[in-house]
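Trainee: please find the sequence and the predicted model below.
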Number of protein chains: 2
Amino acid sequence: MPTATLEELVRAQDVGALRGWLGETGTLDIAEELARLPPAEKAVPFRLLDRNRALAVFEALDPTHQQQVLEGLRDEMVRGLVEDMDPDDRARLLDELPAKVARRLLNGISPAERAMTAVLLGYPEESAGRIMSPEFVNLRASMTAADALAKVRRLAPQAETIYTLPVTDDQRHLVGILSLRDLVVSPPSARVADIMTTDVLSAHVTDDQEDAARRIAEGDVLALPVLDGEDRLVGVITVDDAVEVLEEEASEDQIRLGASEPLDRPYLDMGVWRLARKRAVWLLILVVAATLTVNVLQAFEATLDQVVTLALFIPLLIGAGGNSGSQAATTVIRAMAVGEVRFADLPLIIWREARVGLLLGLMLAGAGFVPVTLLFDLDIALIVALTLVTICAWATFAGSMLPLLARRVGIDPAVISAPLITTLVDASGLVIYLLIARAVLGI
Amino acid sequence: MPTATLEELVRAQDVGALRGWLGETGTLDIAEELARLPPAEKAVPFRLLDRNRALAVFEALDPTHQQQVLEGLRDEMVRGLVEDMDPDDRARLLDELPAKVARRLLNGISPAERAMTAVLLGYPEESAGRIMSPEFVNLRASMTAADALAKVRRLAPQAETIYTLPVTDDQRHLVGILSLRDLVVSPPSARVADIMTTDVLSAHVTDDQEDAARRIAEGDVLALPVLDGEDRLVGVITVDDAVEVLEEEASEDQIRLGASEPLDRPYLDMGVWRLARKRAVWLLILVVAATLTVNVLQAFEATLDQVVTLALFIPLLIGAGGNSGSQAATTVIRAMAVGEVRFADLPLIIWREARVGLLLGLMLAGAGFVPVTLLFDLDIALIVALTLVTICAWATFAGSMLPLLARRVGIDPAVISAPLITTLVDASGLVIYLLIARAVLGI
C-alpha cells in the first residue's frame, strides 16, 4: 500500500507517482479516493487512465461526481466516456446534468446510442423503464442451442447481459427465459423451446423501480425482463442496477425515519444550506405540532401550579411514550418494506402491539415504583406508574398503526419517523398524565 | 388470478383446487403465501410440488419458515430437499435449527455435501466464509478457451455459479478471473491467461459478510472469490447472497435506529413476549437515562415554582432538540454505512453540522418569536428563541458526532438511535433552557 493519499499526489502534481498509484490500486478504491478529491481536481488522475479502466472507474462514481469529472475533461474524452456507458447508466447521469450540458453530451454520441437513451428518459422517474437496458439478446423458441449460442457470441459486445436470454415470439411477447448456463450445457441440437424456463418473473416499464428490484432480489435472478403496455419485451433490468436501487431506497427510508428529506447527492457534496433545507421543513412542521403541548399544559396550568413536582416528570414520561412508539413504528415499517406485513394484517398487528406496549409499560412501572415512592411519595409513584403503563400501551398502538394507515392513503410509511411519533405522542401523553394526576390527587 | 387464498384452499382440504393454484402461481408468490400459513399447515401444499419447484420455493423461504416446513414432511422428502440445497443456504438453515435436528439432517445427506456444509459452519458467524459456496469451477491460466469451456460444461451441474470463473495457480492462489461472457466470445484456441482479468476483487473467509457484500455491490460483480488465511481460493460469494446480506443489514440498522434489538425471525413469527424482550432493554436504559431530567428539573424547582409558565415550553423545546439531533445522526449514520464518511472526517462534519444546527435554530426562533410575544410576553419569547438556537446547534453537533465516536470505539453506529439522541439531549437541553430563563428573568 502506498503511503501518500491520492489527494497529496494530485497536489504535488507528481505524474510519475500518480501513474504508479493508479497502476497498483483497484478500480473501486480509485473511485472511492476520487470521490473525496475537490471537484476541480477530480479530472486530473482520470486523464492518466486508459480507456477501459477510465470507464470502469467512471461507472463506479455517483452521478454527482461523474459530472465533476466531465467538467474537467477535454471534449473528445468526454464523448468517449459517455458513448461507452450503458444506456441506463447514461440516462441516470443525463438526468442529473443541467439541460444544456445534457443536450450537448447527447449530441456528441452516435445516433443509435442517443436513441436508446432518449427512450429511457421518456419513462417516468423511479420507474422500471428508467433503469432497464434496451441492449439484450433475445432468442426464438424454434432456434437450436447452436444457433442461439452463435447469436449470443455475435451480439455479446453490445449487450448489457448475456446470462439471461429472453425468448420471444413474433409479436415480441415473452414466452420464456434461457440462462446462458442452461444453454452452454445443452447439446448443440437441443431446441430452445425444450431447454428454456417458462416460469418467468417480469416487470412492466411503469412499475416502481423498487418493486422491480425487490423482485430480482427475492427471485434470486440475475436479470428481469421488462415489458411495455402491450406486453412486448423492451428491456432487461440487471441485478447490479437492482442492488443500487435497493441501497438507495434503504438510504432514503433511513433518512426519512430520522425526519429529514433524503439527500440528492453524497453527504460530503451537500453544502450547509442544502443540508439545512432538507431538514427545515420537517423540523418546522414538528415544532408547529408541538405547540399543542403548550396548549395542553396551559389547560392544566392550575394543577401544575398547585403541585409543581408534577412538572419534574414531564420529560421522562413523554420520552418513554415517544421511545416505545418509535420502536413499534420502525419495526412495522421495515416489515412492510420487505413485504412481510400488509394492510390486511392491521387488526392482528394492533392486537399484538397493544399487548407488547402493555407489557413494556408494566415493566417500566414496576421498575420505577419503589424508587419514586422513596424519593417522592406514594401518590406521585402511583401517578407515574399508571401513566407509564397507559402511555406505553397507547404509543406502541399508535406507532404500529400509523405506518399501515399512511401506506393505505398513499404516503410513504417511512415518513412516520421517530420524531413524528414522539411529537404526536407528546401532547396526548401529557393529557393522560395530568388527568391521572388529578384523579389520584383528587384536585 | 384465483380468488381463494392459499389458506382457504388448505383449510378446505381441496387437493384438486390446491394443485390448480400451485400450477398457475409463480414460485415467489407461492413462497410468500406459504410464509403466511400457520406453522402446522405449511407442509401441506409443499407435498404437492414436484422436486424442482419444491426446492425453488423452499430456497425462497426464510430459515424460520423452512424449519416449519421440514417439521411437517416425511423423512425422505426432507433428505431430498436438504441434499439439493446449496451448501451456503444449507449452513444458514442448520444454524437456525435445534442442534439435535441439525445433526439428524446432516447425517441424512451424502458425505460430500455434508463435508462442505461442515466446513462453512466452521467459520465465525457473520463472516464471508459462512455465506460463500465451495462449489465453484476454477481454471488454469495455461488452458485454452476450448479446454475451459469443456470443464465448465462438465462441472456446471454441481457449481453454484459458472458465470465467474476464478483462475488459480499450482498453490491454489488466485491469479485472475474469467467471466463466462469473455470465455464464450473468445476463439477456442485463445489461452485463459490472455483473456482473463487480473484486476480482481476478493475477500478473506474471516472478513465481515457485510463488507464482502458491499464489495460485490460497489464493484458491480456477480461473484466474489474468497481466500483463506494462506490466500488460497476456497469459495465464491454470489450476488444473490450479497443482496440478502445487504437487505438484512439494512433491516438491522433501521430497527436499531428505532431503539430496538433486531428481530431474529420474520415479524409475524415473533410472539408478543419475544417482541417485548427485543425492546425492553433499550427502553429501560433510556428511562434510567431520562431520570437525569428529573434531577435537572428538581435543581431548578424554585425557578419553575416562581414562573410556572416556563414548564409549558418544556416538551416543545426538548422536542426540537431531539428532532434536530435525530436528523443529524441518521444522516451521518447512513453516510457511514455506505462508505461516504470516515472517522478522519470528524472535524469537517462537526464544522458543517454545527453551522446547519445554528441555521435551523435561527429559523425556528425567527418563526416563533412574534407568536410567543403576542400570546405570552417579550421575556418568554426571548427565552424560547435563545433556547431554540442554542439547543438546535448543540443537538445537531452531538447527533452528528456520536455515531463517528461510536464506530471509533467499536460500537455499531446504528445504536445511536433517534430515541437515544433525544434522551441525551433532553437533560442538557433543560439545563440550557433554565439557565437562559434565569439570566433573562434575573432570578
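Mentor: Now that the structure is in, tell me what you want to look at.
Trainee: tell me the SS of A:Thr206?
Mentor: coil (DSSP: H, G, I helix; E, B strand; the rest coil).
Trainee: cool, and the one 10 residues further on?
Mentor: For A:Ile216, the secondary-structure state derived from three-state DSSP is helix.
Trainee: same thing with the one 5 residues further on?
Mentor: The three-state label given to A:Val221 by three-state DSSP is coil.
Trainee: for it, give me its contacts.
Mentor: A:164, A:201, A:239 (CB atoms under 8 Å, 6 or more residues apart in numbering or on different chains). Where C-beta positions appear, they are placed from N, C-alpha and C, glycine not excepted.
Trainee: now check the host helix or strand of A:Leu70, is it near chain B?
Mentor: Secondary-structure assignment from DSSP states H and E places A:Leu70 in helix A:63-71. No: Helix A:63-71 does not reach chain B (CB under 8 Å from any CB of the partner chain); its nearest approach is 10.7 Å.
Trainee: CA atoms only for that helix, dumped as CSV, please.
Mentor: Extracted C-alpha coordinates of helix A:63-71, given in CSV (Å, rounded to 0.1, in the frame of the first residue of the first chain):
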residue,chain,number,x,y,z
PRO,A,63,-23.7,10.9,-10.9
THR,A,64,-22.7,14.0,-8.9
HIS,A,65,-19.0,13.0,-9.1
GLN,A,66,-19.3,11.9,-12.7
GLN,A,67,-20.5,15.4,-13.5
GLN,A,68,-17.5,16.9,-11.7
VAL,A,69,-15.1,14.7,-13.7
LEU,A,70,-16.7,15.6,-17.0
GLU,A,71,-16.3,19.3,-16.3
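Trainee: who's in contact with the strand or helix carrying A:Ile177?
Mentor: If you go by DSSP H and E, A:Ile177 is part of strand A:174-179. Defining contact as CB under 8 Å, 6+ apart, one finds that strand A:174-179 is touched by A:139, A:141, A:148, A:163-169, A:192-193, A:195-198, A:200, A:202, A:222, A:225, A:227, A:231, A:233.
Trainee: check which element follows that strand along the chain.
Mentor: Taking DSSP H and E, what comes next after strand A:174-179 is helix A:180-185.
Trainee: who does that next one touch, helix- and strand-wise?
Mentor: When contacts are defined as 3 or more CB pairs under 8 Å, 6 or more residues apart in numbering or on different chains; DSSP states H and E, helix A:180-185 packs onto helix A:145-155, strand A:164-168, helix B:145-155, helix B:180-185.
Trainee: picking that back up, among the contacts of strand A:174-179, which ones are buried?
Mentor: Neighbour-count burial (16 or more other CB atoms under 10 Å in any protein chain shown) is assigned, among the contacts of strand A:174-179, to A:139, A:141, A:148, A:163-168, A:192-193, A:195-196, A:200, A:202, A:222, A:225, A:227, A:233.
Trainee: ok so, going back, give me whichever of the helices and strands packed on helix A:180-185 is most buried.
Mentor: Neighbour counts (mean count of other CB atoms under 10 Å in any protein chain shown) averaged over each of the helices and strands packed on helix A:180-185 peak at strand A:164-168, with a mean of 23.
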